[in-house]
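>>> For reference, the sequence and a predicted model appear below.
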Amino acid sequence: PLSGTFRYVNQVAPILVPLIKFPYMDDVRTAAMLAMPELLDSCIIALNKGTAGATAELVSQLLIFMLDPIFEQLKAEPDVETLSCQLEAFGELIGHGAKCEAAQFLGQQIQTCTGVVQMLMNESLERQAERDKRRGDEDVDDEEEEQLEGEAEREEMVMQSLVEVAGKMFTVYKSNYLPYFDNMLMPIISGMLQPTAIASNRAAALCVFDDVIEHCSADGASTRYIEAVFPALLQYATDPSTEVRQAAVYGIGMMADKCSETAFTPAMVQQAAQALIMVVDSPTAWDEDTASASDNAISALGKICKRSPEIAAVGWTRWLQALPLKADKEEARNVHTVLVEQVEASNTTLLGANHERLPEVIIVFGRLLGTDLIEEGLRARIAHLLKQVHSGLPAVLQQLPAHPKFGLLTDENRRELEQAISS
């Protein structure tokens, strides 16, 4: 549908862009802002298709036409909830720069954007402090307490959206964004990382540093942040707050995945693995409201096993015991793909020298087939592996019912396994 929008862009943009600042109704401002990434995307799609009239110059002109009104509105938006929606749309707009060079910001626009994020973060922290002061008053009744809680929740969403905007800047501009970040955002984010900060702010700060590690490690630029960030990742991996733990263990996984041995030394790898095992061995690790952090810890443990043979020797077994993952769907799909890859590669550390853990792997496969916990295309690879076992190691399948975990398979799971083997 978007490619069809292209022919109307020149008529629509001059009407919609001014509505970003429509003073009388926040719904109008939000709807106009939500249209901005869509409008830009329709031009990018048309450009990639070679549609007549679609040029790189048009894309960059449209972006320039949008940006000033967007910056002005973000700075002036009076309604916190509306601001969250607008920031979300703005993040999407920034993200288009990753797939089209003409949709990337110029230096001055990056500077302005970061200045707006800095201002909005500071304002959000000021509102938080003001609320804490009101909370401290003796005579806060139930109604006012409820109101304060609602405000705090909306504030959390604003901070989350601001962090996502910063994350999108790292996604698109990678290490080139660091000078702007250091100059304007680093002091705020460092403050939010302190143990005295509220949980949602610590989680938000960790997410920013996760982005630095994820997007600025290829050229080693993230290394100078690791010294300060790694102790925080370790400390917060066992934080009482699930969102803080999740952001911390995700960061450890990113270090394992992206950092060189100079940045993430064998000694640090050892410490990280110990922290992750503590997370997943906690008695409440797999409760409904904590499992998403534990899923991310298992994912990070797998990444560490891939880079460290010493840890892999014990780590893969512990990793396998936790599968299948269910709480964080995206992370679960990644981890289940890794399982298939490791079995395809005949990883004996995972499977056992005599395939003694193969039955456990097959039971995990049975619990995954027919669910949305595996990527498209993985089902066929699992079926192929099951057929190989069926023809090469038939005894493994015959002894499966005697395995202690066999009882975890439902009738539906067993049918899925049989079907995959005979398909």
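Yes, it's here. Values in this document were obtained by computation on a predicted structure and should not be read as measured data. Numbers count the residues shown, from 1 in each chain.

>>> drop to CA atoms for contacts and neighbour counts, all remaining ones
Noted.

>>> Please, where are all the strands along the stretch 51-200 of the chain?
In the stretch 51-200 of the chain, no strands are defined using DSSP state E, counting those that start in this stretch.

>>> Could you list the low-confidence segments of it?
Confidence mapping of the stretch 51-200 of the chain against pLDDT under 70 gives the ranges 138.

>>> Let's see that with 90 instead.
51-54, 128-153, 155 (pLDDT under 90).

>>> can you map out the helices along it?
Ranges of helices in the stretch 51-200 of the chain, per DSSP state H, counting those that start in this stretch, are 56-76, 80-95, 107-136, 142-173, 178-180, 186-192, 199-215.

>>> With distance to residue 261 added, can I get those helices in JSON lines?
Shown next, in JSON lines, are those (distance: least, C-alpha to C-alpha, whole Å):
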{"stretch": "helix 56-76", "distance to residue 261": "40"}
{"stretch": "helix 80-95", "distance to residue 261": "30"}
{"stretch": "helix 107-136", "distance to residue 261": "32"}
{"stretch": "helix 142-173", "distance to residue 261": "22"}
{"stretch": "helix 178-180", "distance to residue 261": "22"}
{"stretch": "helix 186-192", "distance to residue 261": "25"}
{"stretch": "helix 199-215", "distance to residue 261": "14"}
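
>>> Out of those helices, which one sits most buried?
The highest mean neighbour count among these, using mean count of other C-alpha atoms under 10 Å, belongs to helix 199-215: a mean of 24.

>>> which ones are touching residue 19?
With contact set as C-alpha atoms under 8 Å, 6 or more residues apart in numbering, residue 19 has these partners: 28-29, 32.

>>> Tell me the backbone dihedrals of residue 21, please.
Note on residue 21: its backbone torsions stand at phi -110, psi 20 [degrees, to the nearest 10].

>>> likewise residue 354?
phi -110, psi 30.

>>> got it, and residue 50?
phi 80, psi 30.

>>> With the one 3 residues further on instead?
Geometry field for residue 53 lists phi and psi as phi 90, psi -10, criterion degrees, to the nearest 10.

>>> mind checking how far it is from residue 344?
Using C-alpha to C-alpha, to the nearest Å, residue 53 is found at 49 Å from residue 344.

>>> next one: residue 86
Taking C-alpha to C-alpha, one finds residue 86 at 45 Å from residue 344.

>>> repeat for residue 33
From residue 33 to residue 344 the distance is 47 Å (C-alpha to C-alpha).

>>> These two: which is more packed in?
Set residue 33 next to residue 344 and count neighbours by other C-alpha atoms under 10 Å: residue 33 wins out with 27 against 13.

>>> these two touch, right, the more buried one and residue 86?
Yes: at 5.9 Å, residue 33 counts as touching residue 86 under the criterion of C-alpha atoms under 8 Å.

>>> do you know which of the helices of the stretch 51-200 of the chain lies nearest residue 331?
helix 199-215 (15.0 Å; C-alpha to C-alpha).

>>> Next, the angle helix 142-173 makes with that closest one.
Taking axes from the mean of the first three to the mean of the last three C-alpha atoms, to 10 degrees, one finds helix 199-215 and helix 142-173 inclined to each other by 10 degrees.

>>> Only the buried residues of the next helix or strand after helix 199-215, if you could.
Remark: after helix 199-215, the chain's next helix or strand is helix 223-236, criterion DSSP states H and E. Judged by neighbour count using 16 or more other C-alpha atoms under 10 Å, the buried positions of helix 223-236 are 223, 226, 229-230, 232-234, 236.
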